[in-house]
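Engineer: With the sequence up front, the predicted model follows.
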Amino acid sequence: MENLNRIRAKNAFEAAKDKRIANVNGGELVKKIPPLVINNGLIAVLAYAKGKNNDAWESIIAAMSAHLQAMGIMPQEKKDLLQFLLESDSRKLIRATDEILLWFAFFRRFATKSEQK
């Protein structure tokens with residue numbers, strides 16, 4: 001039987017396979033993003049990430065978008081998570097933020113940093 005936690009875990013497990021996330025910086029980001037979202041909000045974190053131009057950030061945001069699309073919160077045809085949230089009402093923003101934080105509970109377990117050589 002499929003339930004929400006299984007869907008979150010499956011999406012997090014698939015996202016964690018991305019090699020750009022498994023590097024040292026990506027592994028650190030995975031730990032830092034949830035507190036940033038809690039303290040500053042999802043839109044502020046996405047705006048900050050947009051200016052970083054970093055492969056790990058881009059991969060994590062793409063994984064977040066894919067998860068929100070799989071959960072039916074974000075339409076499939078939308079590609080830019082930040083733009084989608086800026087156009088959404090506050091209820092959808094709250095729902096997306098809550099869902100991302102729940103997804104990160106699994107994602108943090110699966111996405112481990114690798115040692116640089």
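Structural biologist: Now that the structure is in, tell me what you want to look at.
Engineer: ranges for the helices of this protein?
Structural biologist: Using DSSP state H, the helices assigned to the chain run over residues 4-15, 24-40, 42-50, 55-70, 81-87, 90-110.
Engineer: Least confident of these, on average?
Structural biologist: Among the helices of the chain, helix 24-40 carries the lowest mean pLDDT, at a mean of 84.
Engineer: burial of A47, as a residue count?
Structural biologist: Per other C-beta atoms under 10 Å, the neighbour tally for A47 reads 14. From N, CA and C alone the C-beta is placed, and that goes for glycine too.
Engineer: mind listing what it touches?
Structural biologist: L82 (C-beta atoms under 8 Å, 6 or more residues apart in numbering).
Engineer: can you rerun that using 10 Å?
Structural biologist: Neighbouring residues of A47 by C-beta atoms under 10 Å, 6 or more residues apart in numbering: 40-41, 82, 85-86.
Engineer: next one: R108
Structural biologist: 12, 16, 27, 30-31, 33-34 are the contacts of R108 under C-beta under 10 Å, 6+ apart.
Engineer: rerun at 6 Å
Structural biologist: V30 (C-beta atoms under 6 Å, 6 or more residues apart in numbering).
Engineer: Quick check: it vs A66, distance?
Structural biologist: Using C-beta to C-beta, to the nearest Å, R108 is found at 17 Å from A66.
Engineer: coming back round to it: which member of the contacts of A47 is positioned nearest M71?
Structural biologist: L85 (14.2 Å; C-beta to C-beta).
Engineer: The closest one reaches V45, doesn't it?
Structural biologist: No: using C-beta atoms under 6 Å, L85 makes no contact with V45, being 10.5 Å away.
Engineer: Compare these two (neighbour count), which wins?
Structural biologist: Using other C-beta under 10 Å as the criterion, L85 and V45 rank with V45 on top: 24 against 20.
Engineer: what number of residues lie near I33?
Structural biologist: Neighbours around I33, by other C-beta under 10 Å: 22.
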